[in-house]
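A.B. asks: Give the three-dimensional model of this entry:
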Amino acid sequence: STVEVRLEETCRVLEGRVEQLSDLRSLLQQQAKRSLNNGNRTQALSLLRRKRRVEASLQTHLGALENASSCCEQLRDSRINREVIAAFRNSALALKELLSGDTSPDSAAETMDQLQEVLDECKDVSESVSGPVGDQADSEELEAELDALMAEQESNREDDEVIRAL
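C.D. replies: Sure, this is the predicted structure:
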């Protein structure tokens, strides 16, 4: 935006002025030392007074630069926040659109119930297909015969243990 461009330009101008003032302060300090070394105390005091005025101006410019920089950051952050909010708004609208129509919570629950009924029917069919074919009595007789064989096998084991123990 125009405001942001002007503010950034102001920051550049202030940075340049801060650099100039800082250089001038250092120069005045060096000149004051040189004047003192040459025995010219009055000139050294004058240079130090000027250095103090430059330092005050430097502090003013530094404060202004800090404030302008802060405003630039706030403008950038505000623009980013605006873009994020717009993205959130668009996402919310897209989600509402996707959920409109047959995607209500009641519709979802009904669909899940229908799915469960179909799965239960599939399970019943699988159990029917995998169950024994033929006479149920044959199955019961086979189970009894198997139990008798297992009992006989256990009895033989016990007999073998008794014989080994002797």
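A.B. asks: can you point me to the longest helix in this protein?
C.D. replies: helix 41-99 (DSSP state H).
A.B. asks: Just name whatever secondary elements that one is in contact with.
C.D. replies: helix 2-37 (3 or more Cβ pairs under 8 Å, 6 or more residues apart in numbering; DSSP states H and E). Any C-beta I mention is one placed from the backbone N, CA and C, and that applies to glycine too.
A.B. asks: For the chain, which residues score under the pLDDT cut-off?
C.D. replies: 131-138 (pLDDT under 70).
A.B. asks: Work out which residue lies at the spatial centre of it.
C.D. replies: Centroid-nearest residue in the chain, with Cα atoms, centre = their mean: residue 84, separated by 14.5 Å.
A.B. asks: How about the contacts made by it?
C.D. replies: Applying Cβ atoms under 8 Å, 6 or more residues apart in numbering, we find residue 84 in contact with no residue.
A.B. asks: what do you get for residue 114?
C.D. replies: Going by Cβ under 8 Å, 6+ apart, the list of residues near residue 114 is empty.
A.B. asks: Just the angle for the helix or strand encompassing it relative to helix 41-99, thanks.
C.D. replies: Following DSSP states H and E, one finds residue 114 within helix 105-130. Put simply, helix 105-130 runs at 60 degrees to helix 41-99, going by axes from the mean of the first three to the mean of the last three Cα atoms, to 10 degrees.
A.B. asks: how far out from the middle of the chain is helix 105-130?
C.D. replies: For helix 105-130, the gap between its own C-alpha mean and the chain's C-alpha mean amounts to 39 Å (Cα atoms, centre = their mean, to the nearest Å).
A.B. asks: quick one: buried residues of that helix?
C.D. replies: By neighbour count on 16 or more other Cβ atoms under 10 Å, the buried set for helix 105-130 is empty.
A.B. asks: helices or strands up against the helix or strand following that helix?
C.D. replies: Per DSSP H and E, the first helix or strand lying C-terminal to helix 105-130 is helix 136-165. Counting contacts by 3+ Cβ pairs under 8 Å, 6+ apart, helix 136-165 is packed against no other helix or strand.
A.B. asks: quick check, distance from helix 136-165 to the centre of its chain.
C.D. replies: On Cα atoms, centre = their mean, the centre of helix 136-165 falls 66 Å from that of its chain.
A.B. asks: what's the answer for stretch 47-61, then?
C.D. replies: 48 Å.
A.B. asks: which of the residues in it are buried?
C.D. replies: In stretch 47-61, counting by 16+ other Cβ under 10 Å, buried: 47, 48, 51, 54, 55, 58, 61.
A.B. asks: Compute the distance between the fourth one and residue 42, please.
C.D. replies: Using Cβ to Cβ, to the nearest Å, one gets 19 Å for the distance from residue 54 to residue 42.
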